[in-house]
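# Here you go, sequence then predicted model.
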Amino acid sequence: MTAVREHFGSRLGFILAAAGSAVGIGNLVAFPVAATKSGGGAFLLVYALFVFLICLPVMMAELAMGRRSDKDPVGAYRQLSSGSHLWRIPGWLALATPFMIAVFYLVVTVWVLGYLIETVTGNLDKLAAPDFFIQFINTPQIFIYLVALMLLINAILAMGVKDGIERAAKTLMPMLFVMLLGLVIFVLTLENASLGLKYYLIPDFSKLDGNVVSKAMAQAFFSLSLGMGIMITYGSYMKRQDSIPGSSRAVAITDTLVAFTAGLLILPSIFHFNPQIDPTELSESSAGMIFQFLPRIFLALQDGIGYVGASVVATTFFFLVLVAAITSLVSIIEVPIATLRDERRMERKKAIYLIAGVQFLLAIACAVSFGMVNWITDFVQLAGASKSFFDLVEIIFYDTILPLNGLLVCLFVIYKWKKANFDKELQEGDEKFAGSFSQKYVNFSLGTFIPLILLLIFINTVALKFF
Ligand code: PHE
(Lines give C-alpha, C1' and ligand atoms only; values in the text may rest on other atoms or scores of the structure.)
Protein backbone atom coordinates (compact mmCIF):
# COMPACT_ATOMS: atom_id res chain seq x y z
CA MET A 1 0.00 0.00 0.00
CA THR A 2 1.10 3.54 -0.65
CA ALA A 3 1.35 5.52 2.54
CA VAL A 4 -1.42 7.98 3.44
CA ARG A 5 -2.86 9.58 0.32
CA GLU A 6 -1.68 13.09 -0.30
CA HIS A 7 -4.28 15.84 -0.22
CA PHE A 8 -4.53 19.46 -1.16
CA GLY A 9 -3.81 21.59 1.89
CA SER A 10 -6.76 23.96 1.66
CA ARG A 11 -9.97 24.57 -0.23
CA LEU A 12 -8.44 27.60 -1.92
CA GLY A 13 -5.45 25.48 -2.88
CA PHE A 14 -7.71 22.95 -4.52
CA ILE A 15 -9.70 25.62 -6.36
CA LEU A 16 -6.55 27.27 -7.68
CA ALA A 17 -5.06 23.95 -8.76
CA ALA A 18 -8.26 22.89 -10.53
CA ALA A 19 -8.65 26.33 -12.05
CA GLY A 20 -5.01 26.09 -13.08
CA SER A 21 -5.88 22.94 -14.94
CA ALA A 22 -8.96 24.47 -16.51
CA VAL A 23 -7.38 27.76 -17.53
CA GLY A 24 -5.15 27.00 -20.49
CA ILE A 25 -4.44 27.81 -24.09
CA GLY A 26 -8.09 26.99 -24.70
CA ASN A 27 -9.23 29.96 -22.64
CA LEU A 28 -6.66 32.45 -23.75
CA VAL A 29 -6.77 31.78 -27.46
CA ALA A 30 -9.25 29.16 -28.67
CA PHE A 31 -12.17 30.76 -26.84
CA PRO A 32 -11.67 34.32 -28.15
CA VAL A 33 -11.11 32.98 -31.68
CA ALA A 34 -14.28 30.87 -31.52
CA ALA A 35 -16.30 33.78 -30.12
CA THR A 36 -14.99 36.11 -32.81
CA LYS A 37 -15.94 33.80 -35.59
CA SER A 38 -19.26 32.70 -34.19
CA GLY A 39 -21.43 35.66 -33.35
CA GLY A 40 -19.65 37.38 -30.43
CA GLY A 41 -22.09 37.83 -27.55
CA ALA A 42 -24.34 35.11 -28.96
CA PHE A 43 -21.50 32.60 -28.67
CA LEU A 44 -20.69 33.84 -25.16
CA LEU A 45 -24.25 33.22 -24.12
CA VAL A 46 -24.42 29.70 -25.51
CA TYR A 47 -21.00 28.94 -24.07
CA ALA A 48 -21.96 30.14 -20.59
CA LEU A 49 -25.16 28.08 -20.69
CA PHE A 50 -23.14 24.99 -21.59
CA VAL A 51 -20.60 25.60 -18.85
CA PHE A 52 -23.14 25.96 -16.10
CA LEU A 53 -25.93 23.68 -17.23
CA ILE A 54 -23.98 20.82 -18.78
CA CYS A 55 -20.33 20.86 -17.84
CA LEU A 56 -20.72 21.76 -14.19
CA PRO A 57 -22.71 18.62 -13.30
CA VAL A 58 -20.12 16.50 -15.13
CA MET A 59 -17.36 18.16 -13.12
CA MET A 60 -19.19 17.35 -9.89
CA ALA A 61 -19.58 13.75 -11.04
CA GLU A 62 -15.86 13.38 -11.80
CA LEU A 63 -14.79 14.99 -8.52
CA ALA A 64 -17.23 12.83 -6.55
CA MET A 65 -15.92 9.66 -8.21
CA GLY A 66 -12.38 10.57 -7.28
CA ARG A 67 -13.08 11.60 -3.72
CA ARG A 68 -15.28 8.61 -2.91
CA SER A 69 -12.82 6.07 -4.25
CA ASP A 70 -9.62 7.86 -3.23
CA LYS A 71 -8.18 6.58 -6.50
CA ASP A 72 -6.93 7.40 -9.97
CA PRO A 73 -9.51 7.03 -12.80
CA VAL A 74 -8.78 3.33 -13.44
CA GLY A 75 -9.08 2.56 -9.73
CA ALA A 76 -12.15 4.78 -9.32
CA TYR A 77 -14.10 2.94 -12.02
CA ARG A 78 -13.00 -0.42 -10.67
CA GLN A 79 -13.80 0.30 -7.07
CA LEU A 80 -17.12 2.10 -7.54
CA SER A 81 -18.36 -0.59 -9.93
CA SER A 82 -17.30 -3.29 -7.47
CA GLY A 83 -14.82 -4.73 -9.91
CA SER A 84 -16.97 -4.90 -13.06
CA HIS A 85 -14.90 -5.88 -16.10
CA LEU A 86 -16.92 -3.81 -18.53
CA TRP A 87 -16.44 -0.62 -16.54
CA ARG A 88 -12.70 -1.07 -16.67
CA ILE A 89 -12.78 0.21 -20.23
CA PRO A 90 -13.78 3.80 -19.38
CA GLY A 91 -11.13 3.74 -16.68
CA TRP A 92 -8.43 2.93 -19.19
CA LEU A 93 -9.85 5.47 -21.63
CA ALA A 94 -9.70 8.08 -18.89
CA LEU A 95 -6.02 7.24 -18.61
CA ALA A 96 -5.07 7.02 -22.29
CA THR A 97 -6.83 10.29 -23.13
CA PRO A 98 -4.87 12.60 -20.82
CA PHE A 99 -1.70 10.74 -21.68
CA MET A 100 -2.06 11.45 -25.38
CA ILE A 101 -3.58 14.93 -25.08
CA ALA A 102 -0.61 15.81 -22.88
CA VAL A 103 1.66 14.93 -25.78
CA PHE A 104 0.07 17.29 -28.23
CA TYR A 105 -0.35 20.00 -25.60
CA LEU A 106 3.34 19.65 -24.75
CA VAL A 107 4.30 20.31 -28.34
CA VAL A 108 2.17 23.46 -28.56
CA THR A 109 3.54 24.67 -25.22
CA VAL A 110 7.07 24.12 -26.50
CA TRP A 111 6.29 26.52 -29.34
CA VAL A 112 4.95 29.06 -26.83
CA LEU A 113 8.16 28.75 -24.84
CA GLY A 114 10.18 29.22 -28.03
CA TYR A 115 8.22 32.34 -28.95
CA LEU A 116 8.69 33.70 -25.44
CA ILE A 117 12.43 33.24 -25.71
CA GLU A 118 12.43 35.00 -29.09
CA THR A 119 10.51 38.03 -27.80
CA VAL A 120 12.67 38.30 -24.67
CA THR A 121 15.80 38.29 -26.80
CA GLY A 122 14.51 41.08 -29.01
CA ASN A 123 13.37 39.07 -32.01
CA LEU A 124 9.74 40.09 -32.17
CA ASP A 125 10.26 41.35 -35.71
CA LYS A 126 11.36 37.88 -36.80
CA LEU A 127 8.25 36.29 -35.34
CA ALA A 128 6.04 38.56 -37.37
CA ALA A 129 7.51 37.37 -40.68
CA PRO A 130 4.97 35.32 -42.66
CA ASP A 131 6.82 32.00 -42.84
CA PHE A 132 8.61 32.16 -39.51
CA PHE A 133 6.27 29.73 -37.78
CA ILE A 134 6.73 26.90 -40.23
CA GLN A 135 10.50 27.29 -40.16
CA PHE A 136 10.53 27.60 -36.41
CA ILE A 137 8.60 24.42 -35.66
CA ASN A 138 11.03 22.53 -37.85
CA THR A 139 14.23 23.69 -36.15
CA PRO A 140 16.19 21.41 -33.84
CA GLN A 141 15.95 24.02 -31.04
CA ILE A 142 12.49 22.64 -30.46
CA PHE A 143 14.03 19.59 -28.79
CA ILE A 144 16.02 21.69 -26.35
CA TYR A 145 12.89 23.60 -25.41
CA LEU A 146 11.02 20.33 -25.01
CA VAL A 147 13.61 19.04 -22.56
CA ALA A 148 13.54 22.31 -20.60
CA LEU A 149 9.76 22.34 -20.40
CA MET A 150 9.52 18.71 -19.35
CA LEU A 151 12.17 19.21 -16.67
CA LEU A 152 10.21 22.10 -15.23
CA ILE A 153 6.85 20.34 -15.23
CA ASN A 154 8.18 17.10 -13.86
CA ALA A 155 10.09 18.96 -11.14
CA ILE A 156 6.78 20.44 -9.98
CA LEU A 157 5.15 17.02 -10.11
CA ALA A 158 8.01 15.37 -8.25
CA MET A 159 7.30 17.59 -5.25
CA GLY A 160 3.89 16.03 -4.87
CA VAL A 161 0.34 17.25 -4.56
CA LYS A 162 0.63 19.83 -1.83
CA ASP A 163 4.20 21.06 -2.19
CA GLY A 164 4.31 20.74 -5.97
CA ILE A 165 0.97 21.09 -7.72
CA GLU A 166 -0.78 23.20 -5.11
CA ARG A 167 2.16 25.47 -4.42
CA ALA A 168 2.77 26.04 -8.13
CA ALA A 169 -0.90 26.93 -8.63
CA LYS A 170 -0.85 29.29 -5.67
CA THR A 171 2.11 31.14 -7.14
CA LEU A 172 1.31 30.99 -10.83
CA MET A 173 -2.43 31.61 -10.88
CA PRO A 174 -2.37 35.01 -9.13
CA MET A 175 0.48 35.93 -11.48
CA LEU A 176 -1.65 34.92 -14.43
CA PHE A 177 -4.60 37.03 -13.26
CA VAL A 178 -2.38 40.09 -12.81
CA MET A 179 -0.71 39.72 -16.21
CA LEU A 180 -4.03 39.21 -17.94
CA LEU A 181 -5.61 42.23 -16.29
CA GLY A 182 -2.55 44.36 -16.98
CA LEU A 183 -2.64 43.47 -20.65
CA VAL A 184 -6.38 44.09 -20.93
CA ILE A 185 -6.08 47.52 -19.33
CA PHE A 186 -3.29 48.41 -21.74
CA VAL A 187 -5.15 47.13 -24.79
CA LEU A 188 -8.33 48.99 -23.87
CA THR A 189 -6.45 52.29 -24.08
CA LEU A 190 -5.49 51.63 -27.71
CA GLU A 191 -7.16 53.37 -30.59
CA ASN A 192 -10.21 51.55 -31.98
CA ALA A 193 -10.35 49.22 -28.99
CA SER A 194 -14.05 49.96 -28.68
CA LEU A 195 -14.69 48.56 -32.16
CA GLY A 196 -13.28 45.26 -30.94
CA LEU A 197 -15.38 45.38 -27.80
CA LYS A 198 -18.52 45.99 -29.81
CA TYR A 199 -17.71 43.13 -32.10
CA TYR A 200 -17.02 40.84 -29.17
CA LEU A 201 -19.98 41.72 -27.01
CA ILE A 202 -22.89 42.55 -29.31
CA PRO A 203 -24.66 39.28 -30.06
CA ASP A 204 -25.23 38.25 -33.64
CA PHE A 205 -27.69 35.42 -33.33
CA SER A 206 -27.74 34.80 -37.07
CA LYS A 207 -24.33 33.11 -36.74
CA LEU A 208 -25.65 30.42 -34.43
CA ASP A 209 -26.14 27.09 -36.17
CA GLY A 210 -25.64 23.44 -35.29
CA ASN A 211 -21.92 23.64 -35.87
CA VAL A 212 -21.43 26.69 -33.72
CA VAL A 213 -23.45 25.16 -30.91
CA SER A 214 -21.47 21.95 -31.07
CA LYS A 215 -18.21 23.92 -31.14
CA ALA A 216 -19.27 25.92 -28.07
CA MET A 217 -20.06 22.71 -26.26
CA ALA A 218 -16.77 21.01 -27.15
CA GLN A 219 -14.88 24.14 -26.19
CA ALA A 220 -16.61 24.37 -22.80
CA PHE A 221 -15.96 20.71 -22.10
CA PHE A 222 -12.27 20.91 -22.97
CA SER A 223 -11.86 24.18 -21.15
CA LEU A 224 -13.09 22.74 -17.87
CA SER A 225 -10.62 19.83 -18.25
CA LEU A 226 -13.42 17.27 -18.34
CA GLY A 227 -13.30 13.82 -19.88
CA MET A 228 -9.57 13.54 -19.19
CA GLY A 229 -9.57 11.87 -15.79
CA ILE A 230 -8.10 15.06 -14.34
CA MET A 231 -11.04 15.95 -12.15
CA ILE A 232 -11.34 12.34 -10.96
CA THR A 233 -7.69 12.44 -9.92
CA TYR A 234 -7.92 15.90 -8.33
CA GLY A 235 -11.13 14.81 -6.59
CA SER A 236 -9.17 12.03 -4.93
CA TYR A 237 -6.89 14.66 -3.38
CA MET A 238 -9.80 16.72 -2.07
CA LYS A 239 -10.59 16.85 1.62
CA ARG A 240 -13.85 15.30 2.75
CA GLN A 241 -14.97 18.45 4.54
CA ASP A 242 -14.80 20.58 1.37
CA SER A 243 -17.87 21.14 -0.75
CA ILE A 244 -17.73 19.54 -4.19
CA PRO A 245 -20.62 21.60 -5.62
CA GLY A 246 -19.22 24.83 -4.19
CA SER A 247 -15.67 24.20 -5.36
CA SER A 248 -16.84 23.13 -8.82
CA ARG A 249 -18.78 26.35 -9.16
CA ALA A 250 -15.75 28.38 -8.16
CA VAL A 251 -13.60 26.59 -10.74
CA ALA A 252 -16.18 26.99 -13.51
CA ILE A 253 -16.66 30.68 -12.75
CA THR A 254 -12.91 31.35 -12.69
CA ASP A 255 -12.38 29.47 -15.92
CA THR A 256 -15.20 31.28 -17.70
CA LEU A 257 -14.13 34.68 -16.41
CA VAL A 258 -10.60 34.13 -17.67
CA ALA A 259 -11.88 33.07 -21.09
CA PHE A 260 -14.17 36.09 -21.23
CA THR A 261 -11.36 38.44 -20.18
CA ALA A 262 -9.03 36.96 -22.80
CA GLY A 263 -11.58 38.08 -25.40
CA LEU A 264 -11.29 41.62 -24.04
CA LEU A 265 -7.61 41.34 -24.81
CA ILE A 266 -7.65 39.74 -28.24
CA LEU A 267 -10.55 41.49 -29.98
CA PRO A 268 -9.57 45.11 -29.25
CA SER A 269 -5.99 44.25 -30.31
CA ILE A 270 -7.21 42.91 -33.63
CA PHE A 271 -9.29 46.02 -34.30
CA HIS A 272 -6.49 48.33 -33.26
CA PHE A 273 -4.28 46.58 -35.77
CA ASN A 274 -6.90 46.89 -38.50
CA PRO A 275 -10.19 48.69 -37.82
CA GLN A 276 -11.58 47.52 -41.15
CA ILE A 277 -10.98 43.88 -40.48
CA ASP A 278 -13.67 41.27 -40.89
CA PRO A 279 -12.80 38.90 -38.03
CA THR A 280 -14.79 36.08 -39.55
CA GLU A 281 -12.03 35.86 -42.15
CA LEU A 282 -9.44 35.01 -39.50
CA SER A 283 -8.05 31.52 -39.49
CA GLU A 284 -10.00 28.97 -37.52
CA SER A 285 -7.00 27.61 -35.68
CA SER A 286 -5.66 28.77 -32.36
CA ALA A 287 -2.16 27.97 -33.54
CA GLY A 288 -2.60 30.37 -36.47
CA MET A 289 -3.76 33.02 -34.04
CA ILE A 290 -1.02 32.69 -31.43
CA PHE A 291 1.91 31.99 -33.67
CA GLN A 292 1.17 33.91 -36.85
CA PHE A 293 -1.42 36.62 -36.41
CA LEU A 294 -0.73 37.91 -32.89
CA PRO A 295 3.03 38.49 -33.45
CA ARG A 296 2.11 40.82 -36.32
CA ILE A 297 -0.32 42.67 -34.08
CA PHE A 298 2.31 43.01 -31.35
CA LEU A 299 4.91 44.27 -33.80
CA ALA A 300 2.51 46.89 -35.10
CA LEU A 301 2.35 48.33 -31.58
CA GLN A 302 5.86 49.71 -32.12
CA ASP A 303 4.39 52.74 -33.93
CA GLY A 304 2.88 53.89 -30.64
CA ILE A 305 5.10 52.52 -27.88
CA GLY A 306 8.34 51.71 -29.69
CA TYR A 307 9.95 48.36 -30.42
CA VAL A 308 10.93 47.72 -26.81
CA GLY A 309 7.42 48.52 -25.60
CA ALA A 310 5.92 46.20 -28.21
CA SER A 311 8.37 43.47 -27.18
CA VAL A 312 7.38 43.88 -23.53
CA VAL A 313 3.71 43.45 -24.43
CA ALA A 314 4.47 40.39 -26.56
CA THR A 315 6.68 38.90 -23.85
CA THR A 316 3.97 39.37 -21.23
CA PHE A 317 1.45 37.71 -23.49
CA PHE A 318 3.59 34.66 -24.26
CA PHE A 319 4.55 34.36 -20.62
CA LEU A 320 0.87 34.45 -19.69
CA VAL A 321 0.06 31.67 -22.14
CA LEU A 322 3.06 29.66 -20.92
CA VAL A 323 1.97 29.92 -17.29
CA ALA A 324 -1.57 28.86 -18.18
CA ALA A 325 -0.25 25.92 -20.18
CA ILE A 326 2.14 24.77 -17.44
CA THR A 327 -0.58 24.50 -14.79
CA SER A 328 -2.72 22.57 -17.29
CA LEU A 329 0.11 20.22 -18.20
CA VAL A 330 0.85 19.55 -14.56
CA SER A 331 -2.73 18.42 -14.01
CA ILE A 332 -2.90 16.25 -17.07
CA ILE A 333 0.40 14.47 -16.39
CA GLU A 334 -0.64 13.85 -12.79
CA VAL A 335 -3.31 11.42 -14.07
CA PRO A 336 -0.96 8.67 -15.29
CA ILE A 337 1.29 9.29 -12.29
CA ALA A 338 -1.65 8.68 -9.96
CA THR A 339 -2.52 5.55 -11.91
CA LEU A 340 0.94 4.06 -11.63
CA ARG A 341 1.04 4.89 -7.93
CA ASP A 342 -2.42 3.51 -7.14
CA GLU A 343 -2.52 0.56 -9.50
CA ARG A 344 1.11 -0.49 -9.56
CA ARG A 345 2.17 0.82 -6.16
CA MET A 346 4.97 2.65 -7.87
CA GLU A 347 6.83 5.46 -6.17
CA ARG A 348 6.08 8.96 -7.45
CA LYS A 349 9.61 9.56 -8.75
CA LYS A 350 9.79 6.27 -10.56
CA ALA A 351 6.39 6.86 -12.15
CA ILE A 352 7.54 10.29 -13.31
CA TYR A 353 10.66 8.91 -15.00
CA LEU A 354 8.68 6.27 -16.79
CA ILE A 355 5.92 8.56 -18.01
CA ALA A 356 8.27 11.39 -18.94
CA GLY A 357 10.36 8.96 -20.99
CA VAL A 358 7.44 7.71 -23.05
CA GLN A 359 5.91 11.17 -23.43
CA PHE A 360 9.20 12.57 -24.57
CA LEU A 361 9.39 10.05 -27.41
CA LEU A 362 5.78 10.63 -28.43
CA ALA A 363 6.18 14.40 -28.24
CA ILE A 364 9.14 14.11 -30.58
CA ALA A 365 7.02 12.09 -33.00
CA CYS A 366 4.43 14.87 -32.88
CA ALA A 367 6.98 17.66 -33.15
CA VAL A 368 8.63 16.21 -36.23
CA SER A 369 5.33 15.63 -37.98
CA PHE A 370 5.31 19.12 -39.50
CA GLY A 371 7.71 18.31 -42.27
CA MET A 372 10.87 17.10 -40.58
CA VAL A 373 9.98 13.45 -41.11
CA ASN A 374 7.81 12.69 -44.08
CA TRP A 375 6.10 9.49 -43.11
CA ILE A 376 4.96 11.00 -39.82
CA THR A 377 3.77 14.06 -41.69
CA ASP A 378 1.55 11.97 -43.95
CA PHE A 379 0.72 9.39 -41.38
CA VAL A 380 -2.75 8.35 -42.53
CA GLN A 381 -5.54 9.39 -44.83
CA LEU A 382 -8.70 10.45 -43.02
CA ALA A 383 -11.81 12.02 -44.52
CA GLY A 384 -9.96 12.37 -47.80
CA ALA A 385 -6.98 14.33 -46.47
CA SER A 386 -3.61 13.25 -45.29
CA LYS A 387 -3.07 13.68 -41.57
CA SER A 388 0.12 13.99 -39.58
CA PHE A 389 0.76 12.14 -36.36
CA PHE A 390 0.04 15.40 -34.50
CA ASP A 391 -3.34 15.78 -36.26
CA LEU A 392 -4.19 12.21 -35.51
CA VAL A 393 -3.61 12.53 -31.78
CA GLU A 394 -5.76 15.64 -31.77
CA ILE A 395 -8.58 14.11 -33.81
CA ILE A 396 -8.76 10.83 -31.96
CA PHE A 397 -8.28 11.92 -28.39
CA TYR A 398 -9.30 15.52 -28.20
CA ASP A 399 -12.13 15.67 -30.73
CA THR A 400 -13.57 12.19 -30.39
CA ILE A 401 -12.77 10.41 -27.16
CA LEU A 402 -13.23 13.42 -24.91
CA PRO A 403 -17.02 13.62 -25.33
CA LEU A 404 -17.19 9.83 -25.15
CA ASN A 405 -15.44 9.87 -21.78
CA GLY A 406 -17.87 12.51 -20.55
CA LEU A 407 -20.79 10.39 -21.67
CA LEU A 408 -19.41 7.37 -19.83
CA VAL A 409 -18.93 9.38 -16.63
CA CYS A 410 -22.62 10.40 -16.66
CA LEU A 411 -23.90 6.90 -17.31
CA PHE A 412 -21.56 5.39 -14.77
CA VAL A 413 -22.37 7.73 -11.93
CA ILE A 414 -26.12 7.62 -12.32
CA TYR A 415 -26.76 4.03 -13.44
CA LYS A 416 -23.87 1.98 -12.14
CA TRP A 417 -22.47 3.68 -9.06
CA LYS A 418 -26.07 4.90 -8.45
CA LYS A 419 -27.66 8.23 -7.68
CA ALA A 420 -27.97 7.63 -3.96
CA ASN A 421 -24.24 7.06 -3.53
CA PHE A 422 -23.38 9.99 -5.73
CA ASP A 423 -25.75 12.23 -3.75
CA LYS A 424 -24.25 11.13 -0.50
CA GLU A 425 -20.79 12.07 -1.72
CA LEU A 426 -21.95 15.49 -2.89
CA GLN A 427 -23.60 16.18 0.43
CA GLU A 428 -20.44 15.48 2.32
CA GLY A 429 -18.96 18.87 3.11
CA ASP A 430 -22.13 20.56 1.82
CA GLU A 431 -25.26 19.80 3.86
CA LYS A 432 -27.23 22.54 2.14
CA PHE A 433 -26.96 20.65 -1.12
CA ALA A 434 -29.26 17.88 0.12
CA GLY A 435 -32.75 18.36 -1.28
CA SER A 436 -31.81 21.59 -3.06
CA PHE A 437 -32.86 22.50 -6.57
CA SER A 438 -29.23 22.11 -7.71
CA GLN A 439 -29.18 18.56 -6.46
CA LYS A 440 -32.34 17.66 -8.34
CA TYR A 441 -31.04 19.32 -11.45
CA VAL A 442 -27.66 17.59 -11.28
CA ASN A 443 -29.25 14.18 -10.79
CA PHE A 444 -31.81 14.60 -13.50
CA SER A 445 -29.54 16.15 -16.11
CA LEU A 446 -26.70 13.65 -15.66
CA GLY A 447 -29.09 10.76 -16.18
CA THR A 448 -30.88 12.20 -19.20
CA PHE A 449 -30.03 15.02 -21.56
CA ILE A 450 -26.35 15.58 -20.77
CA PRO A 451 -25.28 12.09 -21.93
CA LEU A 452 -27.57 12.50 -24.91
CA ILE A 453 -25.92 15.76 -25.95
CA LEU A 454 -22.47 14.24 -25.50
CA LEU A 455 -23.52 11.27 -27.58
CA LEU A 456 -24.66 13.56 -30.40
CA ILE A 457 -21.36 15.42 -30.33
CA PHE A 458 -19.49 12.14 -30.42
CA ILE A 459 -21.46 10.86 -33.42
CA ASN A 460 -21.14 14.18 -35.21
CA THR A 461 -17.36 14.20 -34.75
CA VAL A 462 -16.93 10.65 -35.90
CA ALA A 463 -18.97 11.36 -39.03
CA LEU A 464 -17.11 14.58 -39.72
CA LYS A 465 -13.54 13.60 -38.97
CA PHE A 466 -13.31 9.99 -40.03
CA PHE A 467 -15.42 9.68 -43.16
N1 PHE B 1 -8.51 23.37 -19.94
C2 PHE B 1 -7.34 23.42 -20.72
C3 PHE B 1 -7.37 24.52 -21.74
O4 PHE B 1 -8.35 25.21 -21.84
C5 PHE B 1 -7.27 22.14 -21.40
C6 PHE B 1 -6.27 21.24 -20.87
C7 PHE B 1 -6.25 20.89 -19.55
C8 PHE B 1 -5.37 20.76 -21.68
C9 PHE B 1 -5.30 20.09 -19.10
C10 PHE B 1 -4.39 19.97 -21.25
C11 PHE B 1 -4.37 19.65 -19.95
O12 PHE B 1 -6.42 24.73 -22.46
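Sure, I can see it.
# for the stretch 351-467 of the chain, which spans come out with low pLDDT?
Confidence mapping of the stretch 351-467 of the chain against pLDDT under 70 gives the ranges 371, 375-376, 378, 383.
# wait, doesn't residue 50 sit right on residue 222?
No. Contact between residue 50 and residue 222 fails when scored by Cβ atoms under 8 Å: they sit 11.3 Å apart. Glycine gets a C-beta too; all of them are placed from N, C-alpha and C.
# Hmm, residue 92 and residue 76 touching each other?
No. Contact criterion Cβ under 8 Å: residue 76 and residue 92 do not qualify, at 11.9 Å.
# The residue nearest to residue 322 when sequence neighbours are not counted: helix or strand, and which one exactly?
Spatial nearest neighbour of residue 322, excluding adjacent residues (Cβ to Cβ, 6 or more residues apart in numbering): residue 112 at 5.1 Å. Element membership of residue 112 [criterion: DSSP states H and E] is helix 88-120.
# give me the number of residues near residue 15?
Other residues lying near residue 15 total 22 when counted by other Cβ atoms under 10 Å.
# Distance of the nearest residue to it once chain neighbours are set aside relative to the ligand?
Spatial nearest neighbour of residue 15, chain neighbours left out: residue 250 (4.8 Å); criterion: Cβ to Cβ, 6+ apart. Here residue 250 is placed at a distance of 15 Å from the ligand (Cβ to the nearest ligand atom, to the nearest Å).
# How about residue 269?
The value you get for residue 269 to the ligand, if Cβ to the nearest ligand atom is used, is 20 Å.
# Please list all residues in contact with that residue.
187, 190, 196, 294, 297 (Cβ atoms under 8 Å, 6 or more residues apart in numbering).
# Which ones among those lie within helices?
187, 196, 294, 297 (DSSP state H).
# Would you agree the third one is in contact with residue 320?
No. Applying Cβ under 8 Å, one finds residue 294 not in contact with residue 320, separated by 11.7 Å.
# where does the stretch 1-150 of the chain have low pLDDT?
The stretch 1-150 of the chain contains residues with pLDDT under 70 at 1-3.
# Return the residues of it in contact with the ligand.
21, 22, 24, 25, 26, 27, 101, 105 (Cβ under 6 Å from any ligand atom).
# Next, format those residues as CSV and append neighbour count and secondary structure.
Shown next, in CSV, are those (neighbours: other Cβ atoms under 10 Å; DSSP: H, G, I helix; E, B strand; the rest coil):
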residue, neighbour count, secondary structure
21, 26, helix
22, 29, helix
24, 29, coil
25, 21, helix
26, 25, helix
27, 28, helix
101, 26, helix
105, 24, helix
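# Pick out the most distant pair among the residues you listed.
The span of those, defined through Cβ to Cβ, is set by 27 and 101 at 15.7 Å.
# Looking only at neighbour counts, state which of residue 76 and residue 92 leads.
residue 76 (31 against 14).
# The more buried one: what's it in contact with?
65, 66, 68, 69, 91, 232, 236.
# What strand or helix carries the nearest residue to the last one once chain neighbours are set aside?
The reference is to residue 236. Ranked by Cβ to Cβ, 6+ apart and with sequence neighbours excluded, the top spatial neighbour of residue 236 is residue 66, at 3.9 Å. According to DSSP H and E, residue 66 maps onto helix 56-69.
# list the helices and strands that helix packs on?
helix 73-80, helix 230-235, helix 244-273, helix 402-411, helix 419-427, helix 437-447 (3 or more Cβ pairs under 8 Å, 6 or more residues apart in numbering; DSSP states H and E).
# give the contact list for the residue nearest to residue 271 when sequence neighbours are not counted.
Leaving aside its sequence neighbours, residue 271 sits nearest to residue 196 (Cβ to Cβ, 6+ apart; 3.7 Å). Neighbouring residues of residue 196 by Cβ under 8 Å, 6+ apart: 267, 268, 269, 270, 271, 272.
# which of those are buried?
Neighbour counting with 16 or more other Cβ atoms under 10 Å marks 267, 268, 269, 270, 271, 272 as buried within the contacts of residue 196.
# separation between the closest residue to the ligand within the stretch 351-467 of the chain and residue 104?
Nearest to the ligand in the stretch 351-467 of the chain, going by Cβ to the nearest ligand atom, is residue 398, at a distance of 8.6 Å. Distance of residue 398 to residue 104, given as Cβ to Cβ, to the nearest Å: 7 Å.
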